[in-house]
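A.B. asks: can you look at this prediction? I've put the sequence above it.
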Amino acid sequence: MTERPADPPLLVWKDQFATGMPGVDHEHRQLIELINSLYSKIGARCSGDLTREFLGEIYARISAHFALEEKVMREARYDEYAAHKADHEALLDRLRDIMDEAAEDESYCCCEDLGADLEQWFSIHFRTHDPRLHARLGDH
Ligand SMILES: [Fe+2]
Ligand SMILES: [Fe+2]
């Protein structure tokens with residue numbers, strides 16, 4: 001199986017993703033790089049199965065990132081924990097919906113809307129919830 005370079009990548013880092021905190025931005029950049037590298041393996045062979053495999057891997061990585069933030073918030077009894085966690089859940093729900101659609105349709109291809117959805121979610125979450133959290137609780 002040949003791997004095709006991510007061309008174009010699913011996500012491109014944008015200034016509006018930046019929280020201004022180097023450690024946090026580094027972690028978010030790594031998340032985007034991982035998503036692009038998994039996406040590049042799909043290449044032109046998009047299918048329901050490949051979509052589910054791809055989404056399953058990014059779901060695991062994204063939920064691990066969220067779990068870490070949520071642990072920090074719980075330990076600090078962070079005042080906006082519920083709203084922040086709800087925004088995390090909204091993205092995970094969206095990813096699960098896509099996996100469900102892919103399970104029902106072998107010709108399903110995830111990626112047309114997924115890039116736009118992720119970009120929109122990152123643009124808002126990385127500019128609102130995450131900077132507030134890390135400004136209060138530090139650069140985790
Ligand atoms: Fe977050
Ligand atoms: Fe984050």
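C.D. replies: Nice, I can see it. Residues are numbered from 1 along each chain as shown. Ligands and ions are numbered 1, 2, ... in the order given.

A.B. asks: flag every residue of this protein that's near ligand 1.
C.D. replies: Taking CB under 5 Å from the ion as the criterion, the chain approaches ligand 1 at residues 69, 129, 130. C-beta here means a position set from N, CA and C on the backbone, and glycine is covered the same way.

A.B. asks: you'd agree the second one is up against residue 85?
C.D. replies: No. Proximity of residue 129 to residue 85 does not meet the contact threshold set by CB atoms under 8 Å, at 9.4 Å.

A.B. asks: out of these two, which sits in the more crowded spot?
C.D. replies: Using other CB atoms under 10 Å, the more surrounded residue of residue 129 and residue 85 is residue 129, with 20 against 17.

A.B. asks: OK, contacts around that one?
C.D. replies: 80, 83, 84, 87 (CB atoms under 8 Å, 6 or more residues apart in numbering).

A.B. asks: what do you get if the cut-off is 10 Å, keeping everything else the same?
C.D. replies: Shown in contact with residue 129 (CB atoms under 10 Å, 6 or more residues apart in numbering): 19, 69, 73, 80, 83, 84, 85, 86, 87, 88.

A.B. asks: identify each buried residue in the longest helix belonging to the chain, please.
C.D. replies: Longest helix in the chain by number of residues (criterion: DSSP state H): helix 48-75. Residues 48, 50-52, 54-55, 58-59, 62-63, 66, 69-70, 72-73 are the ones in helix 48-75 that count as buried (16 or more other CB atoms under 10 Å).

A.B. asks: now stretch 116-133
C.D. replies: Buried residues in stretch 116-133, counted by 16+ other CB under 10 Å: 118, 119, 121, 122, 125, 126, 129, 130, 131, 132, 133.
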